[in-house]
Each structure stands twice: as C-alpha cells, then as structure tokens.
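K.L.:
how would this look folded up:
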Amino acid sequence: MDLGIVKLTRDHHAPRRAREAVTAWVGYEHAALDVLTLATSELVTNAVKHADNGFERRWLLLHLGRGIDFLRLSVTDPGSALSVPFSIPSQVPMSNAEAENGRGLAIVAELSRGRWGSHLLPQSMHRVVWCHLDIEVT
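P.N.:
Below is the predicted model of the structure:
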C-alpha cells in the first residue's frame, strides 16, 4: 500500500523536506517515526551528494509504502556514472573513527536489519535505493 510519494529538488533542503513528508504520511505518533526519519535523511542525503548534476537532474523521488509488517522507503535519483551503492565499503578508516560523514549506508543497513539494496532502472539509468524498516520498533 502506498503511503506517499513526492518529487523534491535535490538540494541542501531536500533531507529536511523529506523528513517532513514521511512524518506527514505516517503521523507524529508512529512507533517507527525516529527510525524512518533517520533512514530517510541518510538516503536523501546520499542522493543529494552522489547523483550527477546537470540539466534536468536536480530532482529526487521519495516513496513510502507499507507491507504487512514493514515500511518500504525508496529514493530514486538521476543516477551517477561513477557510483552505484551496491555494498557497504569500509567507509570510515579506523584512524578516523570520529568522522562525521561516510556512514550513511551503514546506518541504513543497521536500521533495516540488512534489508536494503539498490538498482538502476534499465531505460532511464535512474538509481533507486530502498530499505525495509520494521513497523514496530522493539
């Protein structure tokens, strides 16, 4: 079941706008709101930072759906010729454990209990990154 879908401008305001959208879709009292807004922020921030720029490429599509016992969050962006998130590399060297960036997909992997992935849409080569989040947080 679809809970919401919105097209956002891919800029520094996009993570906040995306968090506001998912909050409006599920409500302030939803048990998984904190997890959902954190995962949303991480996926949208990755789209803002890593998708290629250019004419008609400053957009992203945020979609939230619901399964029987999970929320499916996906972010579609114009894609990149250089990066496709298909695994989580060692993002932060041990010598830089205090770094404040480079952990986005690792956070999403943890929040989703490993239920995340990405793929390219064949015709457009747009990138979709998705995750499944538990509806009930324990």
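K.L.:
Contacts for stretch 5-20, please.
P.N.:
Outside stretch 5-20, the residues that touch it by C-beta atoms under 8 Å, 6 or more residues apart in numbering are 21, 37, 40-41, 44-45, 47-48, 51, 57-64, 75, 77-78. No exception for glycine: its C-beta is placed from N, CA and C like everyone else's.
K.L.:
Between the two ends of it, what distance do you get?
P.N.:
One end of stretch 5-20 to the other measures 12 Å (C-alpha to C-alpha, to the nearest Å).
K.L.:
Return the distance of that stretch from the chain's centre.
P.N.:
11 Å (C-alpha atoms, centre = their mean, to the nearest Å).
K.L.:
pLDDT of it, averaged?
P.N.:
On average, the pLDDT along stretch 5-20 is 97.
K.L.:
same thing with stretch 114-130?
P.N.:
90.
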